[in-house]
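Asker: Below are the sequence and a predicted model; questions follow.
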Amino acid sequence: MKEMKVLAIYGSPRREGNTAQMLDAALSEFPAGAEIKKAFIGELEFTGCCATRDCKTTGYCVVQDDLQQVMKDMVWADVIIFGSPSEFSDVSSQIKMLMERTWWMKGNLKNKIGGYVITGRRYIESTINTLHAFMLRHRMILGGSGALGYTFTEMGGLENDPLAIRDAHSTGKRLVELYQLIYGK
Ligand SMILES: Cc1cc2nc3c(=O)[nH]c(=O)nc-3n(C[C@H](O)[C@H](O)[C@H](O)COP(=O)(O)O)c2cc1C
């Protein structure tokens, strides 16, 4: 079997927050031989798309900032897992800016396996929709139904939702299962 390349994108500025814990639970399902890269984008300096459309001619994003490495890692990975808190009913601004910046990538993410974990308590539907739309527009293979952690930091974290970590593990398992279906065990 070829070596499994996994990129986990941590979309909350809180490195050890609810989203990160769920993402870590999903990652724990990957085999020991998998190469796992972690992008803590909440700690990086970057902007959204500059909308000059220069990438149409260069074939690559022209905005030089910390997202360059993350975007390279997205192209490198076979499996991409997003972790996002719901913020104002959608993905975090960091995840959204990253999404915008992948406009040049059309075709580069095709057939990569994608999954997600999200946290939040209410109005999370758009968060799910945004992640689905992103992966489907890039012709990725949407793996599993994602995992939701029912959290709101001030009112308690994952300890209030016994299903959250379980579902995060299931998400990781499903992504591995899909990988093996496509690439063999
Ligand atoms: C700016 C901001 C906006 C938020 N908006 C929502 C929201 O619309 N719906 C919701 O359920 N939670 C919302 N939350 C709560 C977070 O989604 C929740 O606390 C989450 O677990 C935080 O994840 P973290 O621990 O990984 O940072 C918001 C939090 C912040 C900071």
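Answerer: Received it, and whenever you're ready, just let me know what you need.

Asker: List of residues touching the top helix by length along the chain?
Answerer: In the chain, taking DSSP state H as the definition, the longest helix is helix 162-183. For helix 162-183, contacts defined as CB atoms under 8 Å, 6 or more residues apart in numbering pick out 1-2, 4, 18, 21-23, 25-31, 78-79, 81, 113, 115-117, 119, 141, 143-144, 146-151, 158. (Each C-beta comes from the backbone N, C-alpha and C, glycine too.)

Asker: got the contact list for the closest residue to the ligand within the chain?
Answerer: Residue of the chain nearest the ligand, by CB to the nearest ligand atom: Gly17 (2.5 Å). Neighbouring residues of Gly17 by CB under 8 Å, 6+ apart: Pro85, Thr119, Thr153, Gly157.

Asker: let's see it at 10 Å
Answerer: By CB atoms under 10 Å, 6 or more residues apart in numbering, the contact set of Gly17 is Tyr10, Leu23, Gly42, Gly83, Pro85, Thr119, Gly149, Thr151, Thr153, Gly157, Leu158.

Asker: Show me which of the contacts of helix 162-183 are buried.
Answerer: 4, 18, 21-23, 25-27, 29-30, 78-79, 81, 113, 115-117, 119, 141, 143-144, 146-151, 158 (16 or more other CB atoms under 10 Å).

Asker: Check the secondary structure at the residue most central in space within the chain for me.
Answerer: Against the mean C-alpha coordinate of the chain, by CA atoms, centre = their mean, the closest residue is Phe82 at 1.4 Å. Assigned by DSSP: H, G, I helix; E, B strand; the rest coil, the conformation of Phe82 is strand.

Asker: Tell me the bridge partners for it.
Answerer: Ile9, Tyr116 (DSSP bridges).

Asker: Arg53: neighbouring residues, count only.
Answerer: 11 (other CB atoms under 10 Å).

Asker: From Asp167, how far out is it?
Answerer: Going from Arg53 to Asp167 by CB to CB, to the nearest Å gives 40 Å.

Asker: now the helices: where do they sit in the protein?
Answerer: 18-27, 55-58, 67-76, 93-101, 125-137, 162-183.

Asker: That'll do, ta.
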